[in-house]
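Provided below for reference: sequence and predicted model.
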Amino acid sequence: MKLATLKDGSRDGQLVVVSRDLTLAHYATGIANRLQQVLDDWGFMSPQLQDLYASLNAGRARHAFPFDPAMCMAPLPRAYQWADGSAYLNHVELVRKARNAEVPESFYTDPLMYQGGSDDFLGPTDDVIVPSEAMGIDFEAEIAVITGDVRMGATPDQALDGIRLVMLANDVSLRNLIPAELAKGFGFFQSKPATAFSPVAVTLDELGEAWQHGRVHLALQSSWNGRKVGMCDAGPEMTFHFGQLIAHIAKTRNVRAGSIVGSGTVSNKGVEKKDGQMDWPKGYSCIAEKRCIETIQTGQPYTDFMKFGDTIRIEMKGLDGRSLFGAIDQEIVSTAGRPKDAPVSLVKPQQGDGEGDAPDEAQPEQEASED
């Protein structure tokens, strides 16, 4: 089934069931008002929501209405936990190579993760509001899961059983704030503003054969200012699957229902061309990764980070070619607001060639983050 949360003026919104083709919705009132209620009592409430979902898809739901992603909050508007990983080690390898550093052996056996803010998520079409372009504004196209309860000490396979829903994420990063924060030895904070999520979260059965042992074997599409820059395969190159990420969190503590776990930037390896040069035909899922590739190839990056008025669209299509989660579709806006009489979306040409995949980078002077 597919679930969303509509804006109603409250902090937690109103839970709705959404049709498979994302055209219709139906309030879940009478079963649950909020998604967290369902996660707290999944065994009892999810079958009821599934029945409503079946009725909606069959055209039998009496009070269905058109589904509008612009009216959506994040599926889970605030969560008990948001933990983001770096499950695609190609991303880390590119970051390290760009600054002539080796990847520690432990990175291949122990996932990198950080604890993000979970009290204020963005809806799929909400503006990304940033104080200054000088902060190095970047998008990060990711996959995320929402869990039920997972006990401390759970194995990766046991942790997989705790996954309830899957969605997409834009883990916005302010790259130029990262080096000073990491230098303190305490991790990200101001460099990680509110994360945005896709209009709907879906149960694993909606993914069909694309869901294979904790990985989503589909392409994650990223379009920056209307230009497709990423078509990255989220499946085979995910070094740590979601069960491993969740088990990593659960090593020393319980993971409670309503926790969100992110994959980190989806990243694919480059391929060697006939002339011996490397190419990244599947593109990139964050600008920092693109800049790392440029540094490797030419000695310095030349693609700028995002500017006010820029847009980012993140979407994933299923095996049937239809959008699975709906699209994250956002604009970068100053805290001062849009210029007077400016259109809702200002589309600019993007610098760079649009080809390539490169890891998280943390400026200044070639520093890079590995989320």
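Perfect, I can see it now.

per-residue pLDDT, the residue lying farthest from the centre of the chain?
In the chain, Asp275 marks the outermost C-alpha relative to the chain mean, sitting 35.2 Å out by CA atoms, centre = their mean. Here, the pLDDT recorded for Asp275 equals 79.

how about it, phi and psi?
Backbone torsions for Asp275, taken as degrees, to the nearest 10, come to phi -90, psi 10.

ok, now how distant is it from Pro281?
Per CB to CB, to the nearest Å, Asp275 is found 15 Å from Pro281. C-beta: built from backbone N, CA, C; applies to glycine.

Over to Ala210?
21 Å.

Tell me which of these two has more neighbours.
Remark: of Ala210 and Pro281, Ala210 carries more neighbours, 18 against 12, as counted by other CB atoms under 10 Å.

which residues does the more buried one contact?
216-218, 235, 318-319 (CB atoms under 8 Å, 6 or more residues apart in numbering).

between those, which has the most around it?
Neighbour max across the contacts of Ala210 (other CB under 10 Å) = Val216, 25 neighbours.

what's around the closest residue to that residue other than its chain neighbours, how many residues?
Distances taken as CB to CB, 6 or more residues apart in numbering place Ala234 nearest to Val216, at 4.9 Å, with adjacent residues excluded. For Ala234, the neighbour count with other CB under 10 Å is 25.

Gln221 is in contact with Ala234, correct?
No: Ala234 lies out of contact with Gln221 (CB atoms under 8 Å); the separation is 10.4 Å.

Retrieve the pLDDT associated with the residue nearest to the spatial centre of the chain.
Closest to where the C-alpha atoms of the chain average out (CA atoms, centre = their mean) is Ala169, at 2.0 Å. According to the prediction, Ala169 has pLDDT 98.

Bridging across strands, which residues link to it?
Glu142, Phe197 (DSSP bridges).

One more: the one 4 residues further on?
Each beta-bridge partner of Ser173 is listed here, defined by DSSP bridges: Asp138.

which stretches of the stretch 201-350 of the chain form helices?
Here the stretch 201-350 of the chain has its helices, by DSSP state H, counting those that start in this stretch, at 242-249, 287-298.

Correct me if wrong: Thr23 contacts Pro66.
Yes: contact status for Thr23 versus Pro66: in contact at 6.8 Å, counting by CB under 8 Å.

residue contacts, Gly262?
Taking CB under 8 Å, 6+ apart as the test, what Gly262 contacts is 82-85, 116, 142-144, 169, 171, 195.

swap that for Ile314, sorry
Taking CB under 8 Å, 6+ apart as the criterion, Ile314 is in contact with 139, 141, 168, 170, 198, 220-223, 327-329.

Okay, now the unreliable bits of the stretch 51-200 of the chain?
Applying pLDDT under 70 to the stretch 51-200 of the chain picks out no residues at all.

which stretches of the stretch 201-350 of the chain have low pLDDT?
Checking the stretch 201-350 of the chain against pLDDT under 70 turns up 340-350.

all strands for it, in order.
Counting by DSSP state E, counting those that start in this stretch, the stretch 201-350 of the chain has strands at residues 201-202, 211-212, 215-216, 219-224, 227-233, 259-262, 271-272, 278-279, 311-316, 328-334.

contact partners of the last one?
It refers to strand 328-334. Contacting residues not belonging to strand 328-334 are listed as 69, 122, 124-132, 137, 168-170, 196-198, 306-315, 344-346 [CB under 8 Å, 6+ apart].

List only buried entries from those residues.
Buried by 16 or more other CB atoms under 10 Å: 69, 122, 124-130, 137, 168-170, 196-198, 306, 308-315, 346, out of those.

ok, how many other residues are close to the nearest residue to Glu315 once chain neighbours are set aside?
Distances taken as CB to CB, 6+ apart place Ala327 nearest to Glu315, at 4.1 Å, with adjacent residues excluded. Neighbour count of Ala327, defined by other CB under 10 Å: 19.

was I right about Ala327 contacting Pro199?
Yes: taking CB under 8 Å as the definition, Ala327 is a contact partner of Pro199 at 7.4 Å.

Now the common contact residues for the two.
Joint contacts of Ala327 and Pro199 (CB under 8 Å, 6+ apart) are 69, 124.

picking up where we left off before, kindly point out which residues are neighbours of both of Ala234 and Gln221.
Common neighbours of Ala234 and Gln221, using CB under 8 Å, 6+ apart, are Met316.

So Gln48, which state does it fall into?
Here Gln48 is recorded as helix under DSSP: H, G, I helix; E, B strand; the rest coil.

residue contacts, it?
Contact analysis of Gln48 by CB under 8 Å, 6+ apart lists Ile31.

pLDDT score for it?
pLDDT, Gln48: 98.

So which of the helices of the stretch 201-350 of the chain is nearest Gln14?
Gln14 lies closest to helix 242-249 among the helices of the stretch 201-350 of the chain, at 27.9 Å (CB to CB).

Could you list the residues in contact with that closest one?
81, 83, 85, 87, 110-111, 113, 145, 147, 150, 154-160, 162-163, 213-215, 240, 255, 259, 261, 263.

again with stretch 150-157
158-159, 162, 214, 241, 243-244, 246-247, 249-255, 259.
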